[in-house]
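Colleague: Model the structure of this input:
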Amino acid sequence: MNNKNNFFTFFCLYIAQQIPMSFFATVIPVIMRQEKFSLSTIGFTVALIKVPWILKFLWSPVVDRFNVTVKDYKRWIFVSELVFAVFIFAVAFFNLFTSFYIILVLIMISFFASATQDIATDALATQSFDRKNKSMINGIQSMGNFGGAMIGGGLLLWIYEKSGWSNITPFLALFVIIALLPLFFNRGITVNRNHSEVKQVNMKDILLFFTQPGIGKQIGFLALYYISMIGTLAMMRPYLVDLGYNMKQIGTMSGLFGTATGLVASFVGGLIIRKIGRHHSRILFAILILFTTFYFFLVSTNPHPEIQLLYVGIVLLWGSYGMAAVIVYTLAMDCARKGREGTDFTVQTVIAQLSGIVIVMISGKIATHSGYTNLFLFEFGLACLSLIYILIAFRKKEIND
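Modeller: Prediction:
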């Protein structure tokens, strides 16, 4: 029963991060495209607001150093989320069109707080579940992410069109606070940390992570595995805008239908990893990614693809992305050193996110100068590179898989 309560608690923490982030990351590029901003500018802006999540590894050792007990973790999570909520609420007092850059600054500050909560949450999750259940908690994490994206990037897009900017953002802040309640009442989470060992954590541990035997293969995996998905996802909404779909239609297709697929795929991905193991799952999901990118290349050769074909592509895109995220998070947890869980997990996710941001900016430029067909061909090439890499680098199945 404890595991079920813990799964629900962490689901709420992850979805609390994702709903505001998905809303901002969805509504801003759509509005920018409608206002005739270039695709490269949109790609740069999307990457910019994610900077706090890229830099979070810099203070992850601090989180590890000052969190020994569950009570410590709860304190850090509560404070971070309250700061997150305050700055989201502050956004409501500014007009999106006349105070665009002020809003971007406030969003970035709020994301710093959310990133801190994420470090503490990931460290706590890493310690709260055994190896057998790590794929499931990472499935829950991805479900929270996709569930938040479904609400923030889909449902709230509908509400935004009817109610406006200043009416919707206060409710985002309120939800962030409400989502903390399961953690407040949960007494079943346990951790086992050595106080003296934890107090030795410092900034050098970021660099020491890279000195572990065989860690180079893991770094290459993190950098390559699903960048083709990230590049495709980043340009999907501008692509739909250019095909003539409005904000409500995009919210339904990508924000609701797509992320709902990702949510289900995350749970299924966790079950698959538990059933066939990490080694075979990594290869299986990479093949699915490869097929997905090739499908979008074929679809984009038609200047006016039927909506049914787009829906099939969206299912493939979000489904493969959901499964890929679970295996990436699971393998990242496996590589986290005891006492440095927050630091090591954060460093690894940042590597994946940083490579994704680079690809987002490159994808925007390719789409601008060469069109969507060449963009999706580029993403297909990245997927091929990723599959070849894991087949060569991870030829042997891990003994404890």
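Colleague: any idea how far Ser114 is from Gly148?
Modeller: Ser114 sits 11 Å away from Gly148 when distances are taken as Cβ to Cβ, to the nearest Å. Glycine gets a C-beta too; all of them are placed from N, C-alpha and C.
Colleague: Oops, could you answer that again for Ile137 instead?
Modeller: Distance from Ile137 to Gly148, by Cβ to Cβ: 16 Å.
Colleague: now do Val27
Modeller: 14 Å.
Colleague: before we move on, what about Ser370?
Modeller: 33 Å.
Colleague: In terms of packing, which of these two has more residues around it?
Modeller: Each of Ser370 and Gly148 has its neighbours counted (other Cβ atoms under 10 Å); Gly148 has more, 25 against 12.
Colleague: pLDDT averaged over the helix or strand that that one is a member of - what is it?
Modeller: When elements are assigned from DSSP states H and E, Gly148 belongs to helix 131-150. Throughout helix 131-150, pLDDT has a mean value of 86.
Colleague: what comes up buried for the helix or strand that it is followed by?
Modeller: Using DSSP H and E, the helix or strand that follows helix 131-150 towards the C-terminus is helix 156-163. Of all the residues in helix 156-163, those buried under the rule 16 or more other Cβ atoms under 10 Å are 156-157, 160.
Colleague: Return the member of those residues nearest to Glu341.
Modeller: Leu156 (32.4 Å; Cβ to Cβ).
Colleague: which non-adjacent residue is nearest the closest one?
Modeller: Phe23 (4.9 Å; Cβ to Cβ, 6 or more residues apart in numbering).
Colleague: Which residues are in contact with that neighbour?
Modeller: Contacts for Phe23 (Cβ atoms under 8 Å, 6 or more residues apart in numbering) come out as 152-153, 156-157, 160, 168, 172.
Colleague: so can I have TSV of those residues showing distance to Leu124?
Modeller: Formatted as TSV, these follow (distance: Cβ to Cβ, whole Å):
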residue	distance to Leu124
Gly152	23
Gly153	26
Leu156	28
Leu157	32
Tyr160	33
Ile168	30
Leu172	24
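Colleague: To be precise, which single item in the residues you listed has the lowest pLDDT?
Modeller: Out of the contacts of Phe23, that is Gly153, at 69.
Colleague: what sits in contact with each of Ser114 and Gly148?
Modeller: Joint contacts of Ser114 and Gly148 (Cβ under 8 Å, 6+ apart) are 17, 21.
Colleague: quick one: Trp53 and Ala115 touch, right?
Modeller: Yes. Under the criterion of Cβ atoms under 8 Å, Trp53 makes contact with Ala115 at 5.0 Å.
Colleague: do you know how far the residue nearest to Leu96 when sequence neighbours are not counted is from Val27?
Modeller: Closest residue in space to Leu96, ignoring its immediate chain neighbours: Trp165 at 4.9 Å, by Cβ to Cβ, 6+ apart. Distance of Trp165 to Val27, computed by Cβ to Cβ: 8 Å.
Colleague: Give me the below-cutoff pLDDT ranges for the protein.
Modeller: Residue ranges of the chain with pLDDT under 70: 1-2, 34-35, 153-154, 194-199, 396-401.
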